[in-house]
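[1] what would the 3D arrangement of this be:
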Amino acid sequence: MIITFVTGNSHKVEEAVAICSSRGIKIVQNDCGYPELQEDDVAAVAAYGAENVVNRLGSAVIVEDTGFYIDALHGFPGPYAAYVQDTIGNAGILSLMQDIGDRGATFRSVIGYCEPGTDPVTFEGAVTGRIAHRPEGEGGFGYDPIFEINGVTLASMGDAKNKISHRGKSFEKFADWCLGREGL
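    Alright, predicted model coming up:
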């Protein structure tokens, strides 16, 4: 089974390949882009994106959208995580969190999958952790150096990250679903 992952983020593709390839699912990247729905619900954003690109590419596709929800900031940046990462980055988040005791946060990843002539299907993974006081680790990307689970940042976890991360969980659900379908 070959599925096109529409994203410009090669790190996301690496994570998807690491999980899906062992199950016989080949992931190929296409950076064709698509209009992103401006919506607070990451599942709606992922479903919309998948439906948009399947109609253009004419083959099975996935897109992935992530939300990053910081408790003390009332869920900010939420579904706008990529924009906030590009504008203020981890340093900006740490600055906003300076002197804040409640450092709880949740990452949500939703994969939207669609085949020609069908409605999109979504798969969600979530992980709860904390905002670190300083960046740690060399691996990962984005918020990984400042998001920690049990005192360890995602950027410090190496390959173990895929087993517990939000994106790892959503891709595990997606891969399991693919394998469970008849005829595949």
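[2] quick one: least confident helix or strand in the protein?
    Using mean pLDDT, DSSP states H and E, the weakest-scoring helix or strand in the chain turns out to be helix 161-164, at a mean of 85.
[3] next, the buried residues of that helix.
    Buried positions in helix 161-164, judged by neighbour count with 16 or more other CB atoms under 10 Å: 161-162, 164. Every residue, glycine included, has its C-beta placed from N, CA and C.
[4] just stretch 97-112 next, same as before
    Buried residues in stretch 97-112 (16+ other CB under 10 Å): 97, 103, 105-112.
[5] circling back: what sits up against the least confident helix or strand of the chain?
    Residues outside helix 161-164 that contact it (CB atoms under 8 Å, 6 or more residues apart in numbering) are 15, 18-19, 127, 139-140, 144, 149, 154, 157, 168, 171.
[6] strands of the chain, residue ranges please.
    2-6, 26-30, 61-70, 77-78, 104-114, 121-131, 147-149, 152-153 (DSSP state E).
[7] using TSV, lay out these together with distance to A91 and mean pLDDT.
    Listed next are those as TSV, based on distance: least, CB to CB, whole Å; pLDDT from 0 to 100:
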stretch	distance to A91	mean pLDDT
strand 2-6	29	96
strand 26-30	29	97
strand 61-70	15	97
strand 77-78	14	97
strand 104-114	16	97
strand 121-131	12	98
strand 147-149	14	97
strand 152-153	15	96
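[8] now the least confident helix or strand of the chain, how far from the centre of its chain.
    12 Å (CA atoms, centre = their mean, to the nearest Å).
[9] what's the answer for stretch 151-169, then?
    Put simply, stretch 151-169 sits 12 Å off its chain's centre (CA atoms, centre = their mean).
[10] and what of stretch 126-145?
    14 Å.
[11] buried residues in that stretch?
    For stretch 126-145, the neighbour count (16+ other CB under 10 Å) marks 127, 129-132, 135-137, 139-140, 142-145 as buried.
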